[in-house]
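A.B. asks: After the sequence you'll find the predicted model.
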Amino acid sequence: MKVAARSQVPPFAVMEVIAAANARRAAGADVLNLCAGEPSGGAPAAVREAAAAALAGGSLGYTEALGMPALRAEIAAHYRRWYGVEVDPGSVAVTTGASGGFVLAFLTAFDVGDRVAVVRPGYPAYRNLITALGCEVVDVPCGPEVRFQPTVELLDALVADAPIDGLVLAGPANPTGTLVEPAVLAAIAAWCEAHDVRLVSDEIYHGITYGAGEVGSTGAGSGAAVSGHGAGAPTAATSDGALVVGSFSKYWAMTGWRLGWLLLPPDLVAPVDALAGNLALCPPTLSQHAAVAAFTPEAYAAADANVATYARSRAVVLDRLAELGWRDPAPADGAFYVYADVSSSGLDSVTYCARLLDEAGVALTPGTDFDPVDGGTRVRLSFATTPDVVAAAVDRIAGWRAGLG
C-alpha cells in the first residue's frame, strides 16, 4: 500500500537520544539527561489546584474550537500586562500545544508550493511541517556573525533571485537561545509587510530571558525578565499580518498539558476557527480550565522562581565552557540552551553525543537536529533543571573530554 511522500520527514534526533538514555536507565545505568527542552519544575501549584477543582466540579465537555472565552480573555490581558499591547480576545486561538498552533498557522497562511524561509539553525519541526504540507523550505543560514538571527540585509539577499511567501522567526530561539533585538524585529516585520511576506513569530520561550536584573519578573509586569521589559524579548503582536505563537509549556512548565495559543491577524481568524474545529474539535478542556490560573500572581511567581533556577544553571555551564573545550557558544539570551562548537574534540556532533552518553552517562543533542548543513560541529545542552544536576553533568563531560586527549 502507498505511504504518502509528504510523511517522509526525518524524526527528531533528540527523541532518539532520549530513547537511548531511557534504555540505559532501564538497564540500571546512571544517566543525566540534558537533551530535552523540558522544564523540570512542573506546573505552578495554582494551575494544578485549578485542574483538580475542574475535575471535581462537573462537565469537561467540548469548548469552542478557538478555546474557552475566559482563557482567551486572560491571554489577551497577559499581553497588556507584559507588553503594553492591546489584543482583541477574538483574535486569540487556544491550540493543542504550540505544535498544534504551528499546524494551524502553516495550513492557513501558506499554499502548496509556497516558499517559506526558515532560520538555520532552528527548531526542526518548522521545516518538517512546512515540507509535509507541500511548501518549499528556504534556508536562511545565520551564524555567529549575526548572532544566529536573520537581518533585513540577509532577507534582501535571499529574495534577490526569487520571492518568498513566509518567514518563520523565533526569539528566544531553539537551539541557540538568542533574541531578536527589538529594532531588528521591527525592521523585519516592516520588511515582511512591504514584501507581502507572512511573518510567523515563535515566542514560546518568552518570559525566560537573562542578563543584569532580568531574572524575577512579576505577573504585574514590573520585572525585566518578562518579554517587552528591559532586555526581554520583543513581540511581533503589534505587526499587521503577523502570526504570533505562544505556549504554556516553557515559562509555565506545562509541557504535557498540551496547550498553546495563536494571535491571529483578522484575515486568518475564520480560517483557523474552521480548521481547528475539523482537526481537534477543541483544545484539551481540562488544561484550558487549569490554564486560566496560570495568569494569577501566584502562578507568575512560581514561573519566575523557575526562571531564576535556570539562570543559576546557565551560569554553571557558561563559567566552565573552556574546561569543556566548547567554543563559539551562541549568546544564550533566553530559553534554556547552550549551543556550542565541540569540534576541538576531533569528533562530529553525532559521534560526540553517542560516545558521551555511552561512556559518561550524559545525554546531549547533536546539532544536526537543528542544522542539517553545519550542525555536525555543534551540540545543544539543555539546562532546564537544577544547578546541582547541571554541575554534575558538566563534571562528567569535563572528565570525559580530558580523557579524549
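C.D. replies: Yep, that arrived.
A.B. asks: pLDDT below threshold where in the protein?
C.D. replies: Residue ranges of the chain with pLDDT under 70: 212-232, 405.
A.B. asks: Show me what the longest helix seen in it is packed up against.
C.D. replies: For the chain, the helix with the greatest residue count under DSSP state H is helix 297-318. Judged by 3 or more Cβ pairs under 8 Å, 6 or more residues apart in numbering; DSSP states H and E, the packing partners of helix 297-318 are helix 45-57, strand 337-341, helix 387-404. Yep, even glycine has a C-beta here, placed from its N, CA and C like the rest.
A.B. asks: Contacts for the first one next, please.
C.D. replies: What it means is helix 45-57. 42, 60, 252, 254, 286-287, 289-294, 296, 298-299, 302 (Cβ atoms under 8 Å, 6 or more residues apart in numbering).
A.B. asks: switch to 10 Å and redo it
C.D. replies: Outside helix 45-57, the residues that touch it by Cβ atoms under 10 Å, 6 or more residues apart in numbering are 42-44, 60, 248, 252-254, 257, 285-303.
A.B. asks: Filter those residues down to the buried ones and hand me the ChimeraX line.
C.D. replies: Here is the ChimeraX command that selects the buried residues among the contacts of helix 45-57 (16 or more other Cβ atoms under 10 Å):
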select :43,44,248,252,253,254,257,285,287,288,289,290,291,292,293,294,295,296,299,300,302,303
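A.B. asks: Who does V245 form a beta bridge with?
C.D. replies: V245 has these beta-bridge partners by DSSP bridges: D202, L262.
A.B. asks: I figured it hits V272, correct?
C.D. replies: No. Judged on Cβ atoms under 10 Å, V245 makes no contact with V272 at a distance of 11.9 Å.
A.B. asks: what sits in contact with each of those two?
C.D. replies: 95, 101, 104-105, 262.
A.B. asks: Check the residues you listed and tell me the two furthest apart.
C.D. replies: T95 and A105 (8.9 Å; Cβ to Cβ).
A.B. asks: Can you pull the residues that touch both of these two?
C.D. replies: In contact with both T95 and A105: 245, 262, 272, using Cβ under 10 Å, 6+ apart.
A.B. asks: Return the member of those residues nearest to D374.
C.D. replies: V245 (25.3 Å).
A.B. asks: what's around that closest one, how many residues?
C.D. replies: 23 (other Cβ atoms under 10 Å).
A.B. asks: and if you look at M15?
C.D. replies: Look at M15: counted by other Cβ under 10 Å, it has 13 neighbours.
A.B. asks: ditto for A4
C.D. replies: A4 has 7 nearby residues by other Cβ under 10 Å.
A.B. asks: Does it touch A132 like I think?
C.D. replies: Yes. The criterion here is Cβ under 10 Å, and A4 meets it with A132 at 8.7 Å.
A.B. asks: so V112 makes contact with L133?
C.D. replies: Yes. Shown here, V112 and L133 form a contact pair, counting by Cβ under 10 Å, at 7.3 Å.
A.B. asks: how many degrees apart are the longest helix of the chain and strand 337-341 in direction?
C.D. replies: Inter-element angle recorded for helix 297-318 and strand 337-341: 20 degrees (by axes from the mean of the first three to the mean of the last three Cα atoms, to 10 degrees).
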